[in-house]
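**Student:** Quick one, structure for this:
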Amino acid sequence: MTASPPQTQTRTARAPLATPLFRALWIATIVSNIGTWMNDVGASWLMTSLSPSPLWVAMVQAATTLPMFLFALPGGALADVVDRRKLLLASQVLILLGAAGLATSTALGQTTPLVLLSLTAVMGLGAALSAPAFQAIVPELVEKPALADAIALNSLGVNIARAIGPALGGVIVALAGPVAVFSLNAVSILAVLGVLYAWRRQPTVGTLPSEHFFGALKAGYRYARHAPALQLVLIRSIAFFLFSSALWALLPLVGRRELGLDAAGYGALLGCMGLGAVGGAVVLAKVRKRVSANTLSIVASLLFAAATFALAHAGSAWIAGLVMVVAGLAWITMLSGLNVAAQMAVPAWVKARALAVYLLVFQGAMTAGSLIWGTLASRTDIATALTVAAVALAVMTAVALRFRLPAANAVDLTPSGHWAEPAIAGPHAADRGPVMIQVEYHVAPADVPAFAKALHGFKSIRKRDGALTWHVFEDSEQPGLVVETFVVASWLEHLRQHERATHDDRLNQEALHRFHIGDEPPKVRHLIAPSLG
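**Tutor:** Below is the predicted model of the structure:
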């Protein structure tokens, strides 16, 4: 099975569904996510029967998100250095084993709180290994003009599942018990496995060798550390998810203790949130063309805070259901905005690793928040924990005033190939190094301060793409001769820097070179450490 990207340049919200592979995978993931949501309802409800402690119930959410926090970055590194299709197949098999194990242990009456948390964590591990790859393959399935719509459709698919899965899971738990939903979850995973098995992914052919796993890990961390656009998304994610996690972690207890609902009623509550998210996703496609991403994120954060506060004081299931519709609308708006911003903030060569960092922060904040709010609810009560979280979330919305989400397609991060091919005399080994690169600029002496300020903007770019150190100097004997130096680990790493240069980098470089005087371009030297052997 191969992708057939849409041919027109004008894209609509449905354009990605014209691609057969994207459409098949989208439908299969909806089926699988319905199974996941049914499983989550069964696990949370089962834990309320196994242990009445709010902390134990909140730890079901933590067991789902903690593996993402621990293994998302390794999963992203793997997705950037191995065949993503094979990685997805292996991770889905791991999820299948966890789901089947939980169904079997529960059917045999052997599921204890620790067994439930352990097998939930196994499924979380599979999700952690697959999530970066699933997000990173989206640009492979659709053309760039349709990317934002494809991301929004993926979010819509998740929330269609959220609307159906919990309600269906609650009914099934009420009629047949948790074993039934655990078993159906295992079966639902087969849909994704089938599509992935049929996909004949075209391998990416590069001129350079693939990165090694640990080197890829370092490169992903380095990129995240020196990419301001990605850091902005991470800061906004922490500010939202750390406090919004309270609603997710404590909702089972609100349903069972405060509202007196059975499993079907609890599933209906989650279904209301899914319906709100589906409605929000449909409206969002039109609204985001007129309203900035940052404004939408502020409104969404405040709406979710209000919903969390209202849930703490809801006196009936009907009021709680309406509150959850609002929460779903706010959740999809915020999640879609952050997902699009994270996708657009990184180039293809590091996309899975960068998205893994985003998922790591997302799930880490959800895990920490679940434990915090579960502990607070244990020491006070559920209403107090939700109220504190709601007020804190409203206050933290102020970070959006300083760390604004950028508009989609604000920069062009596709490879530009504008760096000249480096010259080298004689044979050389790709792993020789370290390598020092020197770039000599001739600038009018009066312009040196302004030039140096502009040049310092390249420090993060050089380090982001592989530089270990970066410095700038002015010649003491020749005013206006400014030398930029940076060091990379090896000649191969420097060649990778050439491949990683983007069109946005080219525009910045052209602006910088306007300071350079003379007929010749800036002179570049490559200094390789001599071999001692």
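**Student:** for the record, mean pLDDT for stretch 306-316?
**Tutor:** In this model, stretch 306-316 carries a mean pLDDT of 91.
**Student:** Distance from the chain centre to it, please.
**Tutor:** 29 Å (CA atoms, centre = their mean, to the nearest Å).
**Student:** Can you give the contact residues for that stretch?
**Tutor:** 243-244, 246-247, 251, 254, 258-259, 319-320, 323-324, 326-327, 330, 382-387, 389-391, 393-394 (CB atoms under 8 Å, 6 or more residues apart in numbering). All C-beta atoms are positioned from the backbone trio N, CA, C, and that covers glycine.
**Student:** So among those, which ones count as buried?
**Tutor:** Taking 16 or more other CB atoms under 10 Å as the criterion, what is buried in the contacts of stretch 306-316 is 243-244, 246-247, 251, 254, 258-259, 320, 323-324, 326-327, 330, 382-383, 385-387, 389-390, 393-394.
**Student:** Out of the residues you listed, list just those in helices.
**Tutor:** 243-244, 246-247, 251, 320, 323-324, 326-327, 330, 382-383, 385-387, 389-390, 393-394 (DSSP state H).
**Student:** Residue most distant from the centroid, the chain?
**Tutor:** In the chain, the residue that sits farthest from the middle, by CA atoms, centre = their mean, is residue 477; the gap is 50.2 Å.
**Student:** Let me know the pLDDT of that residue.
**Tutor:** On the pLDDT scale, residue 477 gets 89.
**Student:** can you start the count at 511 instead of 1 from here on
**Tutor:** I'll keep to 511 as the first residue from here, and by that count the last item is residue 987.
**Student:** Wait, a strand at it?
**Tutor:** No - read with DSSP: H, G, I helix; E, B strand; the rest coil, residue 987 is coil and lies in no strand.
**Student:** is it true that residue 582 touches residue 640?
**Tutor:** No - the pair residue 582 / residue 640 is not scored as a contact, 10.1 Å apart, by CB atoms under 8 Å.
**Student:** if you count what's nearby, which of those two comes out ahead?
**Tutor:** More neighbours surround residue 582 than the other of residue 582 and residue 640, with 27 against 23 (other CB atoms under 10 Å).
**Student:** Any figure for the gap between that one and residue 926?
**Tutor:** Residue 582 sits 29 Å away from residue 926, taking CB to CB, to the nearest Å as the criterion.
**Student:** show me the contacts for residue 737.
**Tutor:** 855, 856, 864, 970, 974.
**Student:** do residue 575 as well
**Tutor:** 634, 873, 874, 876, 877, 880 are the contacts of residue 575 under CB under 8 Å, 6+ apart.
**Student:** quick one: low-confidence parts of the protein?
**Tutor:** 511-524, 562, 669, 713-719, 795, 918-920, 935-940, 1042-1043 (pLDDT under 70).
**Student:** how about the strands in it?
**Tutor:** Assigned by DSSP state E, the chain shows strands spanning 945-952, 979-984, 991-998, 1033-1038.
**Student:** Mind putting the ones you listed into CSV with mean neighbour count and distance to residue 816?
**Tutor:** Output for the strands of the chain, formatted as CSV (neighbours: other CB atoms under 10 Å; distance: least, CB to CB, whole Å):
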stretch, mean neighbour count, distance to residue 816
strand 945-952, 18, 53
strand 979-984, 14, 46
strand 991-998, 20, 49
strand 1033-1038, 13, 56
